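Engineer: can you look at this prediction? I've put the sequence above it.
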Amino acid sequence: MSTSQVIVVTGVSSGIGQVTAVKFAELGHRVFGTVRNIEKTKPIANVELVKMDISDEDSVQHAIHSIINKAGHIDVLINNAGTSLIGAIEETSIKEAEFLFNTNVYSILRTIQAVVPYMRLKQSGRIINISSVLGFLPSPYMGVYSATKHAVEGLSESLDHELRQFGIRVTAVQPSFTKTNLDKNAPWVKSMIPEYDYERNLATNAISNQIDKAPQPDSVADTIVSAALSGWHMYRTPSGQASLLSKLRRFMPSGPVDKSIRKTFGLK
């Protein structure tokens, strides 16, 4: 890769996406940041905003084509945009689950399918998919969200094998809870079952406590920048809690991991 790259970051209106876009721009790269409502998004210094609705095929194709018309190619795609959901799996409607998978998984498929043809022509590229520690650990009362992140990791590993022949590599970044609007304002399922109230409240209080103690997005953004511009690794975890959880999952027997999760979420 040359020194200056063309970087596309999805979901830059706030949080991890915005901080990541700024860091790439400060390094001298040409950065395109996608947002759903460009009219309501404040300008970001040295970041070219592009209107894109990640849930809409035509919108994704149009946005990527507009970037190609301006820059000629894309070196790095950061799939950051996504959403969350709190609630028991039994409480989660199929419609809510479909929305979550559409936003967190199918959106990545859309952007990949729009960008990869141009990377293949160039015979190089990096794709960074933002997963979560919940992509390798379960989270009670965030089960469907966890399922989407497990899906992102399966997709990322398979995709990396398929694209190596074209000089393209794929990495999944696995942050823990981060002090962002996504984590702080996670939506709840609409139809709650009273029998889950007690444990759901324990779990959500534990999640809130984790977010209160969580770091700002800078560490995650630094990890994303490193994943895009330095040596390839399939998985990257930011320093701190995410890195520790990754090691515990890898080396600790399943029994203690299970007990630790239940203790963390206040479950008997």
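Structural biologist: Received the coordinates, thanks.
Engineer: not counting its neighbours along the chain, what's nearest Asp75?
Structural biologist: Distances taken as CB to CB, 6 or more residues apart in numbering put Gln5 closest to Asp75, at 4.0 Å, once the chain neighbours are dropped. For the C-beta atoms, the positions are set from N, CA and C on the backbone; glycine is no exception.
Engineer: would you list the phi and psi of Arg236?
Structural biologist: For Arg236, the backbone dihedrals (degrees, to the nearest 10) come out as phi -130, psi 130.
Engineer: use 4 as the first number for this chain going forward.
Structural biologist: Sure, I'll start counting at 4 from here, so that last one is Arg239.
Engineer: thought Ala175 was touching it, still the case?
Structural biologist: Yes. Between Arg239 and Ala175 a contact is recorded at 7.5 Å, counting by CB atoms under 8 Å.
Engineer: still on that earlier bit, for the residue nearest to Asp78, give me its contacts.
Structural biologist: Shown in contact with Gln8 (CB atoms under 8 Å, 6 or more residues apart in numbering): 27, 32-33, 78-79, 231-232.
Engineer: list the buried residues for stretch 143-154?
Structural biologist: For stretch 143-154, burial by neighbour count (16 or more other CB atoms under 10 Å) applies to 143-154.
Engineer: how about those in CSV, adding pLDDT, secondary structure and distance to Ala245?
Structural biologist: Below are the buried residues of stretch 143-154 laid out as CSV (pLDDT from 0 to 100; DSSP: H, G, I helix; E, B strand; the rest coil; distance: CB to CB, whole Å):
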residue, pLDDT, secondary structure, distance to Ala245
Pro143, 93, coil, 19
Tyr144, 95, coil, 20
Met145, 94, strand, 16
Gly146, 95, helix, 20
Val147, 97, helix, 21
Tyr148, 96, helix, 16
Ser149, 96, helix, 15
Ala150, 97, helix, 19
Thr151, 97, helix, 18
Lys152, 97, helix, 12
His153, 97, helix, 16
Ala154, 97, helix, 19
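Engineer: among the contacts of Gln8, which lie within helices?
Structural biologist: With DSSP state H as the criterion, helices contain 27, 231-232 from among those.
Engineer: so who does the closest residue to Leu270 other than its chain neighbours touch?
Structural biologist: For Leu270, ignoring the flanking residues on the chain, the nearest one in space by CB to CB, 6+ apart is Glu202 at 5.9 Å. Glu202 is in contact with 143-144, 270, counting by CB under 8 Å, 6+ apart.
Engineer: any idea which of the residues you listed is closest to Ala66?
Structural biologist: Ranked by distance to Ala66 (CB to CB), the contacts of Glu202 are led by Tyr144 at 34.1 Å.
Engineer: the closest one: what's it in contact with?
Structural biologist: 89-91, 199, 202-203, 206-207, 210, 268 are the contacts of Tyr144 under CB under 8 Å, 6+ apart.
Engineer: who wins on neighbours among those residues?
Structural biologist: In terms of neighbours by other CB atoms under 10 Å, the contacts of Tyr144 top out with Gly90 at 25 neighbours.
Engineer: compute the number of surrounding residues for the residue nearest to that residue when sequence neighbours are not counted.
Structural biologist: Closest residue to Gly90 apart from its sequence neighbours, by CB to CB, 6+ apart: Val192 at 3.0 Å. Val192: 21 surrounding residues under other CB under 10 Å.
Engineer: one more: Ala84?
Structural biologist: The number of residues packed near Ala84 is 26, by other CB under 10 Å.
Engineer: likewise Ile196?
Structural biologist: Applying other CB under 10 Å, we find 12 residues neighbouring Ile196.
Engineer: which ones are touching it?
Structural biologist: The contact partners of Ile196, by CB under 8 Å, 6+ apart, come to 91, 93-94.
Engineer: return the member of those nearest to Val260.
Structural biologist: The nearest member of the contacts of Ile196 to Val260, counting by CB to CB, is Ala91 at 21.0 Å.
Engineer: what's the pLDDT at the nearest residue to that closest one once chain neighbours are set aside?
Structural biologist: Leaving aside its sequence neighbours, Ala91 sits nearest to Tyr199 (CB to CB, 6+ apart; 4.6 Å). pLDDT, Tyr199: 97.
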